[in-house]
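A.B. asks: Give me coordinates for this.
(4 chains)
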Amino acid sequence: MSDTATSEHPEHSEPEAAEHHDEHHGEGHAHPSDWAYVKIAVVLAAITALEVFTYFESVVDWGVALVPSLIFMMVVKFYLVATWFMHLRFDSKLFGRMFTAGLVLAAGVYLVTLTVFEFWV
Amino acid sequence: MAITEKTPLELGPGDSVRYAERPLGVFTRPQGGRGWRDWLSTVDHKRIGILYGASALFFFLVGGVEALLIRLQLAAPEGSVLSADVYNQVYTMHGVTMVFLFIMPLAAAFANYFIPLQIGARDVAFPRLNALSFWIWLSGAIFLNTSWIVGGGGADCGWFCYSTNSGVAFSPSHGVDFYAIGLQILGIASLVSSVNLIVTCLNMRAPGMTLMRMPVLTWMLLITQFLLLFALPVITVALFLLMFDRLFDAQFFNPDAGADPLLWQHLFWIFGHPEVYIIILPAFGVVSEVIPTFSRKPLFGYEFMVFSGIAIGFMGWGVWAHHMFVSGMGPISVAAFSLSTMFIAVPTGVKVLNWLATMWGGKLKFTVAMKFAVATVAMFTIGGLSGVTHSVAPADTQQTDTYYIVAHFHYVIFGGGVLGLFAGIYFWWPKIFGHFLNERIGNWHFWTILVGFNLTFGPMHILGLQGMSRRIDTYARGYGFEFWNMAATIGTLIIAAGVLLFIWNVAKSKRDAPHLPPPGPDPWDGRTLEWSIPSPVPAHNFDTVPQVHGRDEWWHTKYAENDEGKVVRVATVEEAAQTGEATGVHLPSPSFWPLAVAVGLPLIGYGLIFNLWLALIGALLTIASLYSWALEPVDDPDAAHDQHEDHSDDEAEATDPVAADDSTESDQP
Amino acid sequence: MVSTVAEMRTLTRRLISWTLVLMGASAATGCASDAELDTFAPQGPIARELHSRGVLPVFWIAAAVFVGITIAMVWLIWKNRVKTYDGDDEWPAQTHGHVPLEVGWTVGFLVTMIAVAGIMLWSLPTVDATETNTMAVTIDDRSVMWEPTVVVVGNQWWWEFRYYFSDQVDLAALRAHGDAKTLPPADIVTSGQMTIPTGEEVELIITSRDVIHSFWIPALNGKRDAVPNRFSPWKIEASDPGVYFGQCTEFCGLSHSRMRMQTVALSPADFQAWVDSTSTDAMEPTDPEALAGLEVFSGICTSCHLIEGVNDDVYEGADQASGAAPNLTHFASRSTFAGGIFNTYNADGSLNRTDLEAWLRDPGALKENYTVPGEQFRGMPDLDLSEQQIDDLLAYLSGLGAKPAGWMIEATQVE
Amino acid sequence: MSAEAVTADLDHTADDHGHEEHATTTGLSHTKLAMWVFLGSECLLFGGLISTYLLYKTRGNGRTLPTDVFDIPFTSVSSFVLLMSSLTMVLALSAVTRGEAEAGRTWLLATALLGGVFIGGQVYEFTAFVREGVAFTTNPASSAFFTLTGFHGVHVSLGIVMLMSLFVASLKGKLTQRNAETVEIVGLYWHFVDIVWIFIFTVIYLIPAD
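C.D. replies: Numbering: from 1, shown residues only, chains lettered A, B, ... in the order given. Modelled structure (predicted):
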């Protein structure tokens, strides 16, 4: 909208404000179509199917690749839901930063804690 | 999007400050403005700040009495003032009270009162949630202390409440149950408040108030809110595990079933160490406002102060296990956490030197606030350095769990935190209440506190190095502990006298106020926006929202530097300050529902401990209150501007799930 | 307003009080004779090295920084203070900062902390590294090479020390399969006083049966927590024969303050003598009063306490009856009882009947305890003994084990 | 809670666009920012619960472990149901944003129903586990398992309550395009609960315990 131009306040230096500018308005047009959501959901479903498939070891033995593959698939699903369904792709980076801060901090402190019990002795 | 000229804080048409007055059916919102009842329904961040401050000071007295009991018991060997049982409860509740019911809410008082003022906002982002935070905090505080009456005594496991000593077999009274549930209630309050204040800081700054122009107090409080935001869920997890163990026979801390007691320690200290910075950073913020004002200089190295604050907040997450050097967690962990702990001293040291550099070449005027601020720097330095001495993990094996540690953290928390907040109290009292605190009594207050503090906690360094263990209710003759314990007890009595002087100061200052000239908007020749508006602050804060052009905006309104670099006055306070006579500012309407929600939570707590039916009643009350809150018209649509009628109605209806979400679900499903 | 002079005086006073605090810390070490827990009076090589490598260097660094900052602050206050701003329109130079300076002191602190980190890494082996040292010990007429090791078990509110000579235990095995409540039978089980040979590094394997405790003999090394379900390594070493005091330092519940312990260091020869006299079953009483005491013990005390040769057969290899009370086989060979808080003997060597009787009459009056319904006793309960039973018991207990040497009784006198 | 944005909104009389985004420094809505900040905090909560379970998952005290009684095919189905509820949630938002109240309402109901199916599955799973000897108090592993999945279940249940509240509001005609943001915020919460389960499903159920 016209009254939102950042140039009116050059001293205002926050990057998030500037970055955000052209994305946040009118969720209707900035966001993808329903069809895009359905496509994402199909991908998610397919990955889930693959994940469950690993459980039936008699069919395919994944060997040492099992855990890394499971984690990779999990991360992809996590990423897809966060970026598409939760709109992080389209929304202000500030939102993502708030969430990522918690996520990274949690991963950091808890991984250290768990490894302290196992390896740091 | 950027700030527009049409800010939300601009004045609308109208004739005076007014509140919603037209009742709206069954969900009539309370009317603002008059009498004590309005304090129960207030959503004004300033009143909530005052409520926090007053309650915190009340609990300071409670915790102080507990401290006196501890010191009386330990004054001489084989003390018989308290039994071992009562002593354990008293020292536990002293720690819990001072941390959760005194310093944190006192810092919250500053955060509530001054974040909006310093960033040029009319209120916080979510005023009703702000009220909710306070009432939940108060209900949690009361809940925790009712343990003395209905729980068979206070918690007796230490504020750290290590497993397995916190189990039912080893602590059979209900004290620990009250601890586990009470701290969760307090945690909800702090969590809600931290979300609220983070959004306020990020989203409600006046035009031109960029992050790097925010006053340092606001910065430190913002960092504190982030620490709370991320630290509270961790203690919540720990407290849930403890509660499930105690009340529902879970096996989290039962070593016989293979559980590991160190799990509690990790969870507790992942919360507990950031908690230290939650306590100290607000005081750093206060000191960073007071010292420049009374040095007639800007804060030296603003960017470094801000970034060192951020660095402290960040590094504070990587040092928790230095509380566990002797727990047997393994030499690699010990070495790693020892190293990480040392380097947190770097940003802290930078802060201290920047304060000194601010005083360098300045004109130091030692008001009581300035005395407290400088004392904060000095005492915190001692606490910080003694911290460095036991960051060396092998050395810590001699020092941990002795009085050396007690001395260390009291120098940090009392010498740093409490003295710093006292500086803030003297500094901002005229802004909040419209009259000064008496400087002469203030001086007495300062010196008694300082002397008493050092006499109490200084000797504890020696006692600790002489081998006196912490948390012992008595000690035998012949270990050389007698002299310094007596000295510490005398010191405590001097502190108590200082606290009484402070109370007397508050009472006398108020009584004398009518006969003295009012302080005016800017009694100290201040630097930040809160000094540009009348004292006490009018309900709407700012008549017109300031346009901010740089740091210390208000100071630059009054002064400029001429071509020779000399400071010249360009405007008097009378010319530049706002009059507080704004018209037509629309304020959020008060509400009783936050109070009602808060009343439900302790009922759930009592219910979990004594009878689940009571918990059901509490839960129903909470849920009903939340729905009533959501259905309550957000405001009287006719007040001040009616073009939003449709909007507010819809908002109210649609809002309820979100309200339910943020206030209950976070920690307490 | 207080006058400048007065404020300066108070300032001076404050400075003095600070100096006192720091100096006092080192001065306090001077009176180590009546400060048995003094951390500044190491009595063995480990503690000495810890003190000189770990504790003192960082104290000096901290003191130097403290003195520097204090001098700077006092000088700033003295030089820059003004009484009032009234009528003063002069503002000092408005310095906003100075990046090289900031970088300078950041680096300065960084370097200081790197030095501290060096101190830490340098002193870490003093508490972590273990040496493999063995000594010959004769046990049951067999000579074994013993790597001095004591299993230390914390209990509410007393310490148990277990010696394994015949079937030596090691940390790895205990960590893999150990359970503090059912430890393998030991050659010697004692409590309150740990006896060690001088000149030998003694490995400790520390665990707990109930809550977390912390084992600490300040003169011999720092402390290590006793955590249930964990076995933590630690070590101590004493240079000279003597008695070294300790106090449980992790809060362990109701009577935490009354959980004390001592380490008795004996020359290797004396240590062997102690092993000889302590690894036997309890002495059979002969005089009628002691026999009556055995009767009382068998009737009342055996549900918690164990005496080898009396009721150990009932427990099939377990030398710990209920996991809640000390092994009394050689009760009289220890110079303290009840968690190290009372003397078994008076300074003149006679039995301390006053405290022993008072303890048997009502232990809770001397050391608070409680009972959880359906759980074990936490502490020794009041057994409602008659005066006759108390006398009989004392006659029996005082005959259990060899009376310790006179110097030891003297050295362990606690008040 | 978005009602609380009213300070900003009501104060900002001159702007008749009536969207509070205009009112804030960053241009972002208070409520949405608050929700994201809150979700950041939730990461630490679930992280703690998950870590507790991972630490304890093999500590069975000689009794049956949760991993011994996992029914992966069953849990896969309920995981899939929860995953698909994220799709219906986002479609609900999409519809409300376009002003299609009825479609929005339908998708909201569908989301709540799928959530309900998931909760039903969890209740069944819990009772089945208890029957097979893994109860809350059995061992540290079981306590940690029930606490983790129970917390998640409570989060889902609260999400269902919110969805149903939106549904009722929509029935009353009060859920219009204007307050699509409220739907979005409930949606954020719902998706978060979903991604937590994505994590739990892989780390707790699929990755073998040994």
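A.B. asks: Okay, now the unreliable bits of chain B?
C.D. replies: For chain B, the stretches with pLDDT under 70 are B:1-34, B:634-669.
A.B. asks: for it, what spans make up the strands?
C.D. replies: Along chain B, counting by DSSP state E, strands occupy B:364-365, B:559-561, B:567-569.
A.B. asks: For chain D, which of these is the nearest?
C.D. replies: strand B:559-561 (26.7 Å; CB to the nearest CB). All C-beta spots, glycine's among them, are computed from the backbone N, C-alpha and C.
A.B. asks: okay, the strands of chain B in CSV with mean neighbour count next?
C.D. replies: Formatted as CSV, these follow (neighbours: other CB atoms under 10 Å in any protein chain shown):
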stretch, mean neighbour count
strand B:364-365, 21
strand B:559-561, 15
strand B:567-569, 13
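A.B. asks: These into TSV, with extra columns for distance to residue B:81?
C.D. replies: As requested, the strands of chain B are exported to TSV (distance: least, CB to CB, whole Å):
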stretch	distance to residue B:81
strand B:364-365	43
strand B:559-561	57
strand B:567-569	58
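A.B. asks: Pop the domain breakdown of chain C in here.
C.D. replies: C:34-80+C:98-128, C:132-415 (automatic domain parsing).
A.B. asks: Would you single out the least confident of these?
C.D. replies: Confidence, taken as mean pLDDT, is least for domain C:132-415 of the domains of chain C (a mean of 91).
A.B. asks: average model confidence for the helix or strand harbouring residue D:102?
C.D. replies: Residue D:102 belongs to helix D:101-131 when elements are defined using DSSP states H and E. Helix D:101-131 carries an average pLDDT of 96.
A.B. asks: Kindly reformat the domains of chain C as JSON lines containing mean neighbour count and distance to residue B:525.
C.D. replies: As requested, the domains of chain C are arranged in JSON lines below (neighbours: other CB atoms under 10 Å in any protein chain shown; distance: least, CB to CB, whole Å):
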{"stretch": "domain C:34-80+C:98-128", "mean neighbour count": "18", "distance to residue B:525": "17"}
{"stretch": "domain C:132-415", "mean neighbour count": "20", "distance to residue B:525": "50"}
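A.B. asks: hang on, the earlier thing: to chain A, which of the strands of chain B lies closest?
C.D. replies: Of all those, it is strand B:559-561 that lies closest to chain A, at 17.6 Å by CB to the nearest CB.
A.B. asks: Tell me the helices and strands packed up against that closest one.
C.D. replies: Judged by 3 or more CB pairs under 8 Å, 6 or more residues apart in numbering or on different chains; DSSP states H and E, strand B:559-561 is in contact with strand B:567-569.
A.B. asks: picking that back up, packing partners of whichever helix or strand comes after the helix holding residue D:102?
C.D. replies: Next in sequence after helix D:101-131, counting helices and strands by DSSP H and E, comes helix D:140-171. Counting contacts by 3+ CB pairs under 8 Å, 6+ apart, helix D:140-171 packs against helix B:216-248, helix B:645-660, helix D:30-56, helix D:66-69, helix D:101-131, helix D:180-200.
A.B. asks: what about the fourth one, near chain A?
C.D. replies: No - contact between helix D:66-69 and chain A, assessed by CB under 8 Å from any CB of the partner chain, is absent, since the two come no nearer than 12.6 Å.
A.B. asks: Tell me the buried residues in the helix or strand following that helix?
C.D. replies: Heading C-terminal from helix D:66-69, the first helix or strand you meet, by DSSP H and E, is helix D:72-98. Applying a neighbour-count criterion of 16 or more other CB atoms under 10 Å in any protein chain shown, the buried positions in helix D:72-98 are D:72, D:75-76, D:78-97.
A.B. asks: same question, stretch C:83-99
C.D. replies: Across stretch C:83-99, burial judged by 16+ other CB under 10 Å covers C:91, C:94-95, C:97.
A.B. asks: and those near chain B, which?
C.D. replies: Restricting the buried residues of stretch C:83-99 to those near chain B - CB under 8 Å from any CB - leaves C:91, C:94-95, C:97.
A.B. asks: from those, which is closest to chain D?
C.D. replies: Closest approach to chain D among those (CB to the nearest CB): residue C:97, at 25.6 Å.
A.B. asks: Can you tell me how far the nearest residue to that closest one once chain neighbours are set aside is from residue B:285?
C.D. replies: Once flanking residues are discounted, residue C:97 sits nearest to residue B:301: 4.0 Å by CB to CB, 6 or more residues apart in numbering or on different chains. Taking CB to CB, to the nearest Å as the measure, residue B:301 falls 15 Å from residue B:285.
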